[in-house]
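# fold the following for me, if possible:
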Amino acid sequence: MSYLFFKALHIIGFVSWFAGLFYIVRLFVYHREAWEKPGEEGPILRRQYSIMEKRLYNIIQTPAMIITWIGGIGMLILNPAWLQMPWMHVKLTLVAGLVFYHITCGRMIRKMELGTLSWSSFRLRLFNELPTLVLIAIVMLAVWKNLNGLWLGLVLLLGLGVLFFIAAKLYKRKREQKPD
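Numbers count the residues shown, from 1 in each chain. This next block holds a predicted model:
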């Protein structure tokens, strides 16, 4: 198998994996808010969100993560010198953080189903922005293949992190002012 095959597999995998990472916590936000719905609406929504979360995690997200790893490991086998480069160490550290995030989401599914997740919808919205910030850093490292990409990525991360936080605060304020 060629480098380009593994690269294509890696890209397909991480695009799908990130789609799942972006969406699952958004489902958690809606699921959390369903606990506040009166009457029969809340339990119906919670059951539906539980189904959606499990399917997303088990059928899309986890297989996509595995495909990402297969493609990445294949490229590293064909380019072992990358393992000696500082940018790859940083990238693999960020990927390990994403795996931890992924596993954390898996645990959160069960807590959401049981109603034991104590996080507010605002905290979940902030948590939802983490993969975006990590994605920026990883892409910058992979494109530049040196730490210069990391510095540019860090500037973008900082700027976007501040923007995401401000946007989340403004959205929270708007939701709190809106009568139901």
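# what score does the residue of the chain positioned farthest from its centre have for pLDDT?
Taking Cα atoms, centre = their mean, the residue of the chain most remote from its mean C-alpha position is residue 39, at 32.4 Å. At residue 39, the model reports a pLDDT of 93.
# next one: the one 3 residues further on
If you check residue 42, the pLDDT there is 94.
# that one: what's its closest spatial neighbour, skipping adjacent residues?
residue 34 (5.3 Å; Cβ to Cβ, 6 or more residues apart in numbering). From N, CA and C alone the C-beta is placed, and that goes for glycine too.
# low-confidence ranges in this structure?
Residue ranges of the chain with pLDDT under 70: 149-150, 178-180.
# distance of residue 175 from residue 169?
As judged by Cβ to Cβ, to the nearest Å, residue 175 and residue 169 stand 11 Å apart.
# ugh, typo on my part, it should be residue 45
In terms of Cβ to Cβ, residue 45 sits 26 Å off from residue 169.
# can you give the contact residues for stretch 111-129?
For stretch 111-129, contacts defined as Cβ atoms under 8 Å, 6 or more residues apart in numbering pick out 22, 25-26, 28-29, 31-33, 35, 46, 49-50, 53, 108, 161, 164-165, 168, 171-172.
# ends of that stretch, what's the gap?
20 Å (Cα to Cα, to the nearest Å).
# tell me the buried residues in it?
112, 113, 117, 119, 121, 122, 124, 125, 126, 127, 128, 129 (16 or more other Cβ atoms under 10 Å).
# again with stretch 35-49
Under 16+ other Cβ under 10 Å, the buried positions of stretch 35-49 are 45, 46, 49.
# isn't the second one right up against residue 33?
No - the criterion here is Cβ atoms under 8 Å, and residue 46 misses it with residue 33 at 10.1 Å.
# which ChimeraX command selects the buried ones in the contacts of stretch 111-129?
One line in ChimeraX is enough to select the buried members of the contacts of stretch 111-129, burial here meaning 16+ other Cβ under 10 Å:
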select :25,28,29,31,32,33,46,49,50,53,108,161,164,168
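# in helices only, show me the contacts of stretch 111-129.
Taking DSSP state H, the ones among the contacts of stretch 111-129 that sit in helices are 22, 25-26, 28-29, 31-33, 46, 49-50, 53, 108, 161, 164-165, 168, 171-172.
# show the backbone phi and psi for residue 146.
Note on residue 146: its backbone torsions stand at phi -160, psi 180 [degrees, to the nearest 10].
# separation between it and residue 109?
From residue 146 to residue 109 the distance is 38 Å (Cβ to Cβ).
# ok, the two, which is more surrounded?
More crowded of residue 146 and residue 109, by other Cβ atoms under 10 Å: residue 109, with 22 against 13.
# within the helices and strands, which one has residue 14?
helix 3-34 (DSSP states H and E).
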